[in-house]
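Q: take a look and give me a structure for this.
(one chain, ligands or ions: 1)
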Amino acid sequence: MQQSKFITSLSTGCFLLRSILRWFRHFTAKRHYTKNASDKGVKPQMVIMSILDKFTSKNPQQIWSASCEVAKCNNLELLDSLAVDIIAIENATKGITLGGALCPNSYHLEFALKKLRYVKNRAGCLCALYSEYMFFNPIDEEKNGNITITEIVKIDGKWIDYHICKCNKCHVSYKVEERGGHFAFWSWIKA
Ligand SMILES: [Zn+2]
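A: Okay, here's the model as predicted:
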């Protein structure tokens, strides 16, 4: 009886210690990045923990939801904090059947992991990832302040052929074509 009480309190203690360490690692990552980042508007720690909880939930719907949040996120501080736990996220999501209809949900997870690795390695501007994921709608990206649509090229003056978009951070231009069949998607190529 005494022994089981001891084991329970020991495992509770370990859990608390892990939680504190996890919190501390996120806090320090965020502070480190804040010193170097030009982005303002720090996302609350609650958002980071909520995305992490979804990734480690073993629930396919939650993992899909977290993956889409990361895919569309342009907040470097938030991404940097999540990237600290990339190994834990990879391990927690490994081998889980995610399902999906026309586009497999694993596509979103694979891109989210690629994006977190990219951020962790400080590999460059996030716009370089536009060509790696087919759901970056240029209209939304402009609304979110990430790019500026500098030109809309039309066919016969009626239908949109493609957009020319410029990254608001690194000023690289892209030719963006909308494609689709069962669902709309976009191809981004350096212009
Ligand atoms: Zn850029």
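Q: drop to CA atoms for contacts and neighbour counts, all remaining ones
A: Fine.
Q: so the residue most central in space within the chain is in which element?
A: Averaging the C-alpha coordinates of the chain gives a centre point, and the residue nearest to it by C-alpha atoms, centre = their mean is Val70 (1.9 Å). Under the criterion DSSP states H and E, the helix or strand holding Val70 is helix 60-72.
Q: hang on, the earlier thing: could you find the closest non-adjacent residue to the residue nearest to the centre of the chain?
A: The shortest distance from Val70 to any residue other than its chain neighbours is 5.6 Å, reached at Ala112 (C-alpha to C-alpha, 6 or more residues apart in numbering).
Q: and whichever helix or strand the one you found is part of, how far out from the chain middle?
A: Here Ala112, judged by DSSP H and E, is contained in helix 106-120. The chain centroid and the centroid of helix 106-120 are separated by 7 Å, computed with C-alpha atoms, centre = their mean, to the nearest Å.
Q: the helix or strand that comes right after that helix: how far from the chain's middle?
A: For helix 106-120, the succeeding helix or strand toward the C-terminus, using DSSP H and E, is helix 138-143. Taking the mean of its C-alpha atoms, helix 138-143 sits 16 Å from the chain's own mean (C-alpha atoms, centre = their mean).
Q: show me what helix 138-143 is in contact with.
A: For helix 138-143, contacts defined as C-alpha atoms under 8 Å, 6 or more residues apart in numbering pick out 147-149, 163, 165, 176.
Q: out of those, which is most surrounded?
A: Of all these, the most densely surrounded is Cys165 (26 neighbours; neighbours counted as other C-alpha atoms under 10 Å).
Q: could you find the closest non-adjacent residue to that one?
A: Computed as C-alpha to C-alpha, 6+ apart, the closest residue to Cys165 that is not its neighbour in sequence is Ile149, at 4.3 Å.
Q: what's the helix or strand for that neighbour?
A: Per DSSP H and E, Ile149 falls inside strand 147-155.
Q: partner strands of that strand, parallel or antiparallel?
A: For strand 147-155, the pairing partners within the sheet under DSSP bridges are strand 159-167 (antiparallel).
Q: C-alpha coordinates for the helix or strand that the partner strand is followed by, CSV please?
A: Reading on from strand 159-167 to the C-terminus, the next helix or strand found by DSSP H and E is strand 173-180. Coordinates of each C-alpha in strand 173-180 appear next as CSV, following Å, rounded to 0.1, in the frame of the first residue of the first chain:
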residue,chain,number,x,y,z
SER,A,173,8.1,37.0,-56.8
TYR,A,174,6.0,33.9,-57.7
LYS,A,175,3.8,33.0,-60.5
VAL,A,176,0.7,31.4,-59.0
GLU,A,177,-1.7,29.3,-61.0
GLU,A,178,-5.0,27.9,-59.6
ARG,A,179,-5.7,24.3,-60.6
GLY,A,180,-8.5,22.0,-59.6
